[in-house]
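Dropping a prediction and its sequence here:
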Amino acid sequence: MGVAVKHEASLAVMATMDKWCGKILNARDLYEFCLERLQFAKDQGSNRRSAFGQRFFFLVEDGDVDVSGPGFNTVDDTLALHSVRAGVGLMVGLKRDQQCYCDCCYAQCEKPQPDSEGCHYKSHVDEWVPFALVEAAVGGSGGRGSVQRSMHTI
């Protein structure tokens with residue numbers, strides 16, 4: 001979702017005929033842009049039957065963020081994946097290369113261990129593969145950035 005927001009905002013800021021041209025300058029501007037342009041799915045054939053008809057955006061003010069907890073870094077190799085979710089157990093997840101929004105897969109969102117058997121697009125979507133997050137020290141001052149996380153298939 002983040003990539004879609006950034007893409008749409010970039011297009012609007014660069015479009016000289018757009019009312020948002022050069023006007024998304026801070027978080028509040030981006031929030032208002034998202035409410036106006038991205039809150040509801042476009043009325044296209046592929047979206048008419050979608051269970052995801054509305055997107056929700058929240059503006060978090062500076063003082064509302066608790067940064068006292070542990071620092072989290074990105075996990076290597078997740079950008080190329082379309083579907084990553086928590087698995088059962090500590091530092092365990094599930095991944096697959098393609099995402100599916102059919103009724104069966106959507107119903108699996110609530111389950112800790114999804115089942116792909118009833119997927120309507122089984123021929124196009126691969127099975128869930130479990131992986132473990134592994135931490136490796138990479139040096140540094142012991143603060144943020146001193147640990148690198150990567151995925152290892154179980």
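Alright, I've got the coordinates.

any residues touching the helix or strand V5 falls within, and which ones?
For V5, the enclosing helix or strand under DSSP states H and E is helix 2-14. Applying CB atoms under 8 Å, 6 or more residues apart in numbering, the contact partners of helix 2-14 are D18, W20, C21, G22, K23, I24, L30, F33, C34, R37, L38. C-beta: built from backbone N, CA, C; applies to glycine.

one more time with 7 Å, if that's ok
Residues from elsewhere that reach helix 2-14, judged by CB atoms under 7 Å, 6 or more residues apart in numbering: D18, W20, C21, G22, I24, L30, F33, C34, R37, L38.

any idea how far it is from the chain center?
Helix 2-14 has its C-alpha centroid displaced from the chain centroid by 15 Å (CA atoms, centre = their mean, to the nearest Å).

now the contacts of helix 2-14: which count as buried?
W20, I24, L30, F33, C34, R37, L38 (16 or more other CB atoms under 10 Å).

residues contacting the last one?
Each residue near L38 by CB under 7 Å, 6+ apart is listed here: V5, E8, R55.

The last one: how many residues sit nearby?
The burial metric for R55, expressed as a neighbour count using other CB atoms under 10 Å, is 14.

Can you name the helix or strand that the residue in the chain sticking out farthest from the centre falls in?
Here the centre of the chain is the reference, and by CA atoms, centre = their mean the most remote residue is M17, at 30.2 Å. Here M17 sits in a region with no helix or strand, counting by DSSP H and E.

A4 versus that one, what's the distance?
22 Å (CB to CB, to the nearest Å).
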